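Participant: What shape does this take:
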Amino acid sequence: AADKINLIPQDFFAELCEQIIQHLKHKIPGVNTAELCQRIQTSGVEINVGDIAKIVNIVSFLFSTAARNNLSTEELITTLGSAVSTLPKHAVQVIRHVWNEQGKSISVSEDARNMATVGQFVDMKWKLGVAMSSDTCRSLKYPYVMVTLKVADPSGQVTDKSFEMTIPQFQNFSRQFKEMAAVLETV
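Facilitator: A predicted model of the protein is given here:
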C-alpha cells in the first residue's frame, strides 16, 4: 500500500485523512472513494478505486486503533515504526499533522467497540422507466423502477447498489416502508 500512497499527491492524501477522521467522528457517513479517485486521476495520477479503498481501510484502521489506545501523536508515529521508513515522507507528515490536530476529538465508546459492523445509508435515487422493446420482443411496454442506494460500509467506503423492480415489487417495497414509518411514529 505504501507504493500506492506514494502516488497520491499530498493535498489529496490530506483530504483523504481528514475525511477518515470526520467519518470516525460520525460527522460524515464515509469516504467517497469513487469521487476522490476520479479527482486524483484527473490530476494525472494513475490509480484505481480499489487502491484508494485499500488506503482508506489502512488509514482508518490506523486512526481508529490509535483512538482506541489513546495514543499521542509521537506514540502513533513511534508505533508505525518500520512502516515510517516505507511510507512516503509526505504521508507521515500528513498523518502526524491530522492526528495532532484532530486525533483527540475521536472518542471510541465501549458501545461503539462492541457494535456489529453494519453499513450506513447515505442516499437513495430512483427513476421510473419503460422498456419499449428488446431483441426478442418487439413491443414490451414494460414499466419498472430503478433504485440506486448509496451505502457506506463500516470502514467508510461509499458504494452504490442498484436494482430494478417491477411495479408490483415496488408497491410491496413502498408498503413495507409505510409500515416502518407507522411503527416509528409509535416510538
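
Participant: How is the chain partitioned into domains?
Facilitator: Here the domain assignment for the chain is 1-116, 120-185, based on the TED database.

Participant: buried residues in stretch 139-146?
Facilitator: Val145 (16 or more other Cβ atoms under 10 Å). Bear in mind the C-beta positions are built from the backbone N, C-alpha and C, glycine included.

Participant: go on, stretch 59-68?
Facilitator: Neighbour counts over stretch 59-68 (16+ other Cβ under 10 Å) mark 59-60, 62-64, 66-67 as buried.

Participant: Quick check: the gap between Ser162 and Ala34.
Facilitator: 13 Å (Cβ to Cβ, to the nearest Å).

Participant: ditto for Gln171
Facilitator: 32 Å.

Participant: quick one, which of these two is more surrounded?
Facilitator: Ala34 (15 against 12; other Cβ atoms under 10 Å).

Participant: so which strand or helix has the more buried one?
Facilitator: Element membership for Ala34 (DSSP states H and E) is helix 33-42.

Participant: Could you identify the helix or strand that succeeds that helix?
Facilitator: Sequence-wise, the next helix or strand downstream of helix 33-42 (DSSP H and E) is helix 49-68.

Participant: pLDDT below threshold where in the protein?
Facilitator: Within the chain, the stretches with pLDDT under 70 are 82-85, 107-118, 154-156.

Participant: Does anything pack onto the helix holding Ala34? Which helices or strands?
Facilitator: Other elements packing on helix 33-42 under the criterion 3 or more Cβ pairs under 8 Å, 6 or more residues apart in numbering; DSSP states H and E are helix 10-24, helix 49-68, strand 158-166.

Participant: could you dump those to CSV with distance to Arg96?
Facilitator: As requested, these are exported to CSV (distance: least, Cβ to Cβ, whole Å):
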stretch, distance to Arg96
helix 10-24, 10
helix 49-68, 11
strand 158-166, 27
